[in-house]
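A.B. asks: Here is my input; please provide its structure:
(one chain, ligands or ions: 2)
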Amino acid sequence: MIEFNLNYWTPLVINFFRYFIMAGIPFLIFYRLYPDFFSKNKIQDRFAKQKDFVREIRHSLQTTLIIVVVGILILKTPLNEWTLVYKNLFDYSLWWVPLSLFLTLILHDAYFYWIHRFMHHPWVYKRVHLVHHKSVNPSPWTSYSFHVYESFLEALIAPIILCLIPLHPLSLILFTTISFGFNVYGHLGYEITPKWFRNSYLFEIMNTSTHHNIHHATSKGNYGLYFRFWDRLMGTEYPDYVKEYDEIQDRRFGHADGQ
Ligand SMILES: [Zn+2]
Ligand SMILES: [Zn+2]
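C.D. replies: Ligands and ions are numbered 1, 2, ... in the order given. Below is the predicted model of the structure:
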């Protein structure tokens with residue numbers, strides 16, 4: 001039998017609440033309560049419309065449901081036997097928790113980059129990925145706004161990870177929360193990285209909200225999720241990304257500081 005302790009409702013509740021809390025709070029702060037205060041952080045001048053938010057939430061709810069179904073299929077059916085999920089936290093050293101999380105993010109980043117490149121093939125783009133790109137000016141609600149086929153493809157990372165990397169359920173919840181948090185940041189529509197970020201090594205390896213916003217504005221280049229690694233390696237990073245990032249940060253902090 002399946003040894004996993006979470007019942008069927010837990011993943012459903014976690015995923016729905018996570019979407020509405022983690023996308024809803026930033027939306028409230030940046031789009032409803034303090035848009036003037038954050039006006040210098042805004043990546044694109046204009047705002048998306050109400051009908052965009054409604055469409056994005058509708059598609060995101062569908063995606064959330066698909067993620068839960070895929071999660072339940074892999075964790076609550078005999079397919080579970082194929083996974084390396086371990087229930088006792090001390091089956092592995094405690095240091096394995098952060099290390100497994102790190103490996104999971106690396107694997108997810110590679111998976112996302114290549115399925116994203118695949119979805120930009122004109123035939124697939126038109127039929128599947130276009131739903132996500134209807135949000136030319138993304139908001140936190142865009143985070144899970146996918147066509148149903150894309151939702152399945154995105155959700156498939158869970159069984160892949162669970163069959164390749166031994167994960168404690170806690171690490172799985174941490175991974176999906178970090179992943180969704182980064183997803184919301186990528187679609188925030190506002191750049192919020194601090195000034196020091198530009199001169200740190202992190203800027204060279206991490207994606208920013210500006211990075212993914214350019215992907216939505218132009219529909220090409222900047223295919224990566226968490227890291228710049230694959231885009232830089234494959235020569236798909238938008239050529240003016242750093243210039244556009246610097247322009248936003250100069251507007252926020254007053255002068256260029258990062259050459
Ligand atoms: Zn895309
Ligand atoms: Zn996006």
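
A.B. asks: and I66, that one's in a helix?
C.D. replies: Yes - judged by DSSP: H, G, I helix; E, B strand; the rest coil, I66 forms part of a helix.

A.B. asks: residues contacting the closest residue to it other than its chain neighbours?
C.D. replies: Of all residues not flanking I66 in the chain, S151 sits nearest, at 4.2 Å (C-beta to C-beta, 6 or more residues apart in numbering). Placement of C-beta: from N, CA and C, glycine included. Counting by C-beta atoms under 8 Å, 6 or more residues apart in numbering, S151 touches Q62, T63, I66, I67, Y144.

A.B. asks: Now do stretch 172-182, average pLDDT.
C.D. replies: For stretch 172-182, mean pLDDT is 94.

A.B. asks: can you dump the C-alpha coordinates of it into PDB?
C.D. replies: Extracted as PDB, the C-alpha positions of stretch 172-182 are listed here (Å, rounded to 0.1, in the frame of the first residue of the first chain):
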ATOM      1  CA  LEU A 172       8.400  18.500  -2.100                       C
ATOM      2  CA  ILE A 173       6.100  21.100  -0.500                       C
ATOM      3  CA  LEU A 174       9.100  23.400  -0.100                       C
ATOM      4  CA  PHE A 175      10.100  22.900  -3.800                       C
ATOM      5  CA  THR A 176       6.600  23.600  -5.100                       C
ATOM      6  CA  THR A 177       6.300  26.700  -2.900                       C
ATOM      7  CA  ILE A 178       9.700  28.100  -3.900                       C
ATOM      8  CA  SER A 179       8.900  27.300  -7.600                       C
ATOM      9  CA  PHE A 180       5.500  29.000  -7.400                       C
ATOM     10  CA  GLY A 181       7.000  32.000  -5.500                       C
ATOM     11  CA  PHE A 182       9.600  32.400  -8.300                       C
END
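
A.B. asks: Check which residues of that stretch are buried.
C.D. replies: Along stretch 172-182, these residues count as buried under the neighbour rule (16 or more other C-beta atoms under 10 Å): L172, I173, L174, F175, T176, S179, F180, F182.

A.B. asks: Same check on stretch 28-48?
C.D. replies: In stretch 28-48, counting by 16+ other C-beta under 10 Å, buried: I29, F30, Y31, F38, N41, K42, I43, A48.

A.B. asks: ok, these vs H255, which is closest?
C.D. replies: N41 (16.6 Å; C-beta to C-beta).

A.B. asks: Quick check: the closest one vs Y34, distance?
C.D. replies: When distance is defined by C-beta to C-beta, to the nearest Å, N41 is 10 Å away from Y34.

A.B. asks: tally of neighbours for S60?
C.D. replies: S60 sits with 22 neighbouring residues when counted by other C-beta atoms under 10 Å.
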